[in-house]
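In: Please work out how this folds:
(chains A, B and C)
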Amino acid sequence: MSDTILVRRPTAAPAGEVRAPVFDLDRPIAGVHVGIRTDKAWRSWRLIAQVWDEYLRRDGAATTLVETGGMVGQTGANDRKHIDELADTVECAIVGLGTCGSCTTFTIKDSVVVEAKQKPVVAIVTEEFEVHGHNVATHLGHGDLKVLVLPYPLEARPEAELRAIADEFYPRVLELLGAAS
Amino acid sequence: MTVFTAEQVEVGADPREQYERAIAERWSDGAPLLPATDDAIEALLAATPYPADHALCVLPPVNGVATVELIAINAAMAGVEPAAFPVVIAALEAISEPEWNAFGLTTTTSSVCPMLLVNGPGRDELGIDYRAGCMGGAAGRGSMTIGRAVALCIRNIGGQRAGETTKTVFGQPGRFGFCIGEWEERSPWPSLAERRGYSAQQDVVTVHGGKGTYPLADIHNDDARDLLYLIAKSVAFPLSNMYLGNVQNGEVVVAINPMWAERFGAVFPDVEELQGFLRANAWQPIELWPEPNQKILRDKGRVDADGRVHLVGRPDQIVPIVCGGLGSLHAIALPSFGESQMQSHPVLRPGSA
Amino acid sequence: MDDVSVAAAVDEVGRFLRADGADLLLVEANPKTARIHLRLVLDTVGCEECVLPPAELRETIADSLQRRIAGEFELVLDDPRTTA
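Out: The predicted structure follows:
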């Protein structure tokens, strides 16, 4: 009697190594139409995005802000439609915030919508969710998606700290967008 | 004879060797599994109208393609009987509906799991638990193996691994598998499946994106309205996920024991009126929350003119089902992740229309 | 909970009632609802006071049946002394 048997492997083949291309502005931010996606769930990110919005306009960019708040239902459907419209309208985008499991997943998902339209995009996640963000991007075939990592935890920080973080990371977001000096 | 595409692997015939190998290969949820031999898989494939190579869905987080063959392999490992395999298929079809939000639920920090609720005449034959101990301890073969098979598919095909591809902080015991039925014969209302548009003659799986079991008990009061009021206040607990997102999304399932159901049905023979009563009372005063949380709730528009924060926007978001034993005294809430809508799918067998 | 075992259990439990001239009839045993519906018959009882009081009788019958029938069930007992 054989002391081995044959069974079938239960796992799916890993997703292919397709990595969609990433894009850079390759020009100064002045005159660029920038989209910023905020999230109703995260007041910290809304504040940082507000600061960046002011700085972008100060630096000559035009901005469009879209706020998301749902994943399913009519709200979710509206949000995905607004992201799609934003991706069509702007020349580049900043998409946040990934600071929980599902919101990181949706931040990356919405970022991919922009990148799939061949536009520069930076996904904003907090440190605890950096690996998760990269994993989700990889599984969606956009493993090289640009991700800017903010400190964690972020949400409960006082306004002064959040403004300081916004100041500190603004140059980096321009760099990742490929905005030349 | 099926032409398998899954790799064939040689493992020790000894069950203990198989257990160790499954752990080493990372197929395992930590508990022993049955060997997925070709004959076991074939028996399951014969019980579904779908061909083995049919790509039923894509399962996140890693977006693995769930062919019927791969699902059968995982179901064989879980010990699913052929007659129960179509229930596994139906559950995965429901999970892969976009509005269930598998993408979010498989990656969230939250303690979420697919909670399978089964209706239909097949419950007894399949060993679906819906009486005493239905949420743990009744040990019906259908309940234990179907729930586990779905969980194994999410693990092995979807690639959900705690600490790796999902950010879940605590996980959930239901991630081992959660599958119960409704005690339709003891319900004064139409079954969950009937309320969702299916016939009482159909076997239907409804998958709820739930956060486990939240126990409720009262030994003092027999009044139906009083008990329902207390249930409503209990499910509207302040750290519910349903205050974090959109008030129109998500459902709370309230599992009512048959003795209370009879009492509630006498006062609310119309289930929609029952749901309306629950919804109307499922709120907390804004003052319950600390000031920073109050501000956020106000910013989100969750506070009404009377200073009340309602758990849900509509009565149908509170979903009563009847199950459990005859000891009375208890109800169980299955709170929701929030950003997920429960999805139903009929169980299809060979020859189904 | 099947018809045969329930009928046998009810018959056995009814024996001590028949000693006093009363009887216990099985109205319905429904495995789908797990309800056992019994009727206490006192028409031919010689001494009604000899029959246990309603609450005590119900508990005695429930205990006796529980020992003979596997699984949970709900006992519905029509007792003419409480329905009169």
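In: Helix, strand, or coil at B:Met115?
Out: Three-state call for B:Met115 (DSSP: H, G, I helix; E, B strand; the rest coil): strand.
In: Tell me how many other residues crowd it.
Out: For B:Met115, the count of nearby residues is 25 (other Cβ atoms under 10 Å in any protein chain shown). C-beta here means a position set from N, CA and C on the backbone, and glycine is covered the same way.
In: In contact with it: list those residues for me.
Out: B:Met115 makes contact with B:174, B:178, B:180, B:207-210, B:253, B:334 under the criterion Cβ atoms under 8 Å, 6 or more residues apart in numbering or on different chains.
In: same check, this time on B:Tyr198
Out: Counting by Cβ under 8 Å, 6+ apart, B:Tyr198 touches B:119, B:204, B:344, B:346.
In: and which of those is nearest chain A?
Out: B:Ser344 (15.1 Å; Cβ to the nearest Cβ).
In: How about the secondary structure of that closest one?
Out: Taking three-state DSSP, the label given to B:Ser344 is strand.
In: Report how many residues lie close to it.
Out: Neighbour tally, B:Ser344, other Cβ under 10 Å: 21.
In: Was I right to think it contacts B:Ala193?
Out: Yes: in this structure B:Ser344 lies within contact range of B:Ala193 using Cβ atoms under 8 Å: 6.5 Å.
In: per-residue pLDDT, B:Ser352?
Out: Predicted confidence (pLDDT) for B:Ser352: 75.
In: how many other residues sit next to it?
Out: Neighbours of B:Ser352 under the rule other Cβ under 10 Å: 11.
In: Surely it is within a strand?
Out: No: going by three-state DSSP, the assignment for B:Ser352 is coil, not a strand.
In: can you count the residues close to the closest residue to it other than its chain neighbours?
Out: Computed as Cβ to Cβ, 6 or more residues apart in numbering or on different chains, the closest residue to B:Ser352 that is not its neighbour in sequence is B:Pro49, at 6.0 Å. As a burial measure, B:Pro49 scores 13 neighbours (other Cβ under 10 Å).
In: Can you give me the distance of the residue of chain C found nearest chain B to B:Pro121?
Out: Relative to chain B, the nearest point of chain C is C:Lys32 (4.3 Å; Cβ to the nearest Cβ). Here the criterion is Cβ to Cβ, to the nearest Å. By it, C:Lys32 lies 10 Å from B:Pro121.
In: with the contacts of B:Met115 in mind, which one is nearest to A:Gly101?
Out: B:Gly209 (13.2 Å; Cβ to Cβ).
In: For the closest one, identify the helix or strand it belongs to.
Out: strand B:204-210 (DSSP states H and E).
In: Report the buried residues of the helix or strand of chain A with the lowest mean pLDDT.
Out: The helix or strand with the lowest mean pLDDT-type score in chain A, counting by mean pLDDT, DSSP states H and E, is helix A:130-139 (a mean of 92). Residues A:130, A:132-139 are the ones in helix A:130-139 that count as buried (16 or more other Cβ atoms under 10 Å in any protein chain shown).
In: returning to that earlier point: and for B:Ser344 and B:Ala193, which residues touch both?
Out: B:204, B:206.
In: what bits of the chain have low per-residue confidence?
Out: Picking chain A for this. A:1-2, A:14-17, A:181 (pLDDT under 70).
In: Let me rephrase: I mean chain B.
Out: For chain B, the stretches with pLDDT under 70 are B:353.
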